[in-house]
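Participant: sequence and predicted model, in that order:
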Amino acid sequence: DTGVSQNPRHKITKRGQNVTFRCDPISEHNRLYWYRQTLGQGPEFLTYFQNEAQLEKSRLLSDRFSAERPKGSFSTLEIQRTEQGDSAMYLCASSSGGALDWELFFGEGSRLTVL
Amino acid sequence: GQSLEQPSEVTAVEGAIVQINCTYQTSGFYGLSWYQQHDGGAPTFLSYNGLDGLEETGRFSSFLSRSDSYGYLLLQELQMKDSASYFCAVRDPGSGAGSYQLTFGKGTKLSVIP
């Protein structure tokens, strides 16, 4: 068990560029989540996968955001035409899908800075 | 929608006991959980309460009162390494009871001083 791995850890980009983040969950976990966190705030839900199926998306999520989890393993989060307001820490988490499923295992995040 | 209120900052002395409160408003309730996050680190799960009462895990305990929409995290025998942010979280029913969204509070920054 190597934990949840996220890459890159830091990304600086210019407004209007596209960025992609990768998440490798704990290998036996079938559930994967993306959250976003800004300074002084708690994590904010973006989207959720069970295996390869994207089952939930935040109602606040812009169409510029898209996520995939091909083959139910790693996941990618792409942000198109980045805006300065997208600057945040993007957190990935996974869980084993137990009955309660309250224990999410988070990665250390990918920090995005949009100039 | 969901909303959670917790104090933004708490300071306590090493060796002491500190309580971090959380009040919530939810359209449906499935339980309250707590996470710890050190600066620059990943949030880590601490505890979950689905029913009223106290759950104890080592130096940490968590309490829930569903009738008061209130819970707290109790940290005993504080250590310097407990300095971190603590978040309460509830499950957002979203579009149905099967939602797995967690809604987090804004967090309480705990500073433990010698």
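Facilitator: Done, it's in.

Participant: okay, strands next: where are they in chain A?
Facilitator: Assigned by DSSP state E, chain A shows strands spanning A:5-7, A:10-13, A:19-24, A:31-37, A:44-50, A:53-57, A:65-68, A:75-79, A:88-95, A:105-106, A:110-114.

Participant: switch those strands over to TSV; also include distance to chain B.
Facilitator: Placement of C-beta: from N, CA and C, glycine included. TSV is the format used below for the strands of chain A (distance: least, Cβ to the nearest Cβ, whole Å):
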stretch	distance to chain B
strand A:5-7	9
strand A:10-13	12
strand A:19-24	12
strand A:31-37	7
strand A:44-50	4
strand A:53-57	6
strand A:65-68	14
strand A:75-79	15
strand A:88-95	7
strand A:105-106	4
strand A:110-114	10
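
Participant: which one of these has the lowest average pLDDT?
Facilitator: In terms of average pLDDT, strand A:53-57 trails the rest of the strands of chain A, at a mean of 89.

Participant: pull the CA atoms of it into PDB?
Facilitator: Listed next in PDB are the C-alpha coordinates belonging to strand A:53-57 (Å, rounded to 0.1, in the frame of the first residue of the first chain):
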ATOM      1  CA  ALA A  53     -18.000   5.100 -14.000                       C
ATOM      2  CA  GLN A  54     -18.300   8.800 -13.100                       C
ATOM      3  CA  LEU A  55     -21.300   8.700 -10.900                       C
ATOM      4  CA  GLU A  56     -21.400  12.200  -9.500                       C
ATOM      5  CA  LYS A  57     -20.300  15.700 -10.500                       C
END
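
Participant: listing partners with orientation, what would you give for that strand?
Facilitator: strand A:44-50 (antiparallel) (DSSP bridges).

Participant: buried ones in stretch B:76-91, by neighbour count?
Facilitator: B:78, B:82, B:83, B:84, B:85, B:86, B:87, B:88, B:89, B:90, B:91 (16 or more other Cβ atoms under 10 Å in any protein chain shown).

Participant: tell me how far the third one lies from residue A:38.
Facilitator: Counting by Cβ to Cβ, to the nearest Å, the gap between residue B:83 and residue A:38 amounts to 21 Å.

Participant: so how far is stretch B:3-16 off the chain centroid?
Facilitator: 10 Å (Cα atoms, centre = their mean, to the nearest Å).

Participant: show residues contacting that stretch.
Facilitator: The set of residues external to stretch B:3-16 that reach it, using Cβ atoms under 8 Å, 6 or more residues apart in numbering or on different chains, is B:18, B:20-25, B:77-80, B:86-90, B:103-114.

Participant: surely residue A:103 is in contact with residue A:97?
Facilitator: No: Residue A:103 lies out of contact with residue A:97 (Cβ atoms under 8 Å); the separation is 10.8 Å.

Participant: hmm, back to that, possible to save the strands of chain A as JSON lines with distance to residue B:54 and mean neighbour count?
Facilitator: As requested, the strands of chain A are exported to JSON lines (distance: least, Cβ to Cβ, whole Å; neighbours: other Cβ atoms under 10 Å in any protein chain shown):
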{"stretch": "strand A:5-7", "distance to residue B:54": "35", "mean neighbour count": "17"}
{"stretch": "strand A:10-13", "distance to residue B:54": "41", "mean neighbour count": "14"}
{"stretch": "strand A:19-24", "distance to residue B:54": "35", "mean neighbour count": "19"}
{"stretch": "strand A:31-37", "distance to residue B:54": "28", "mean neighbour count": "24"}
{"stretch": "strand A:44-50", "distance to residue B:54": "28", "mean neighbour count": "21"}
{"stretch": "strand A:53-57", "distance to residue B:54": "32", "mean neighbour count": "15"}
{"stretch": "strand A:65-68", "distance to residue B:54": "38", "mean neighbour count": "18"}
{"stretch": "strand A:75-79", "distance to residue B:54": "37", "mean neighbour count": "20"}
{"stretch": "strand A:88-95", "distance to residue B:54": "25", "mean neighbour count": "24"}
{"stretch": "strand A:105-106", "distance to residue B:54": "25", "mean neighbour count": "22"}
{"stretch": "strand A:110-114", "distance to residue B:54": "37", "mean neighbour count": "19"}
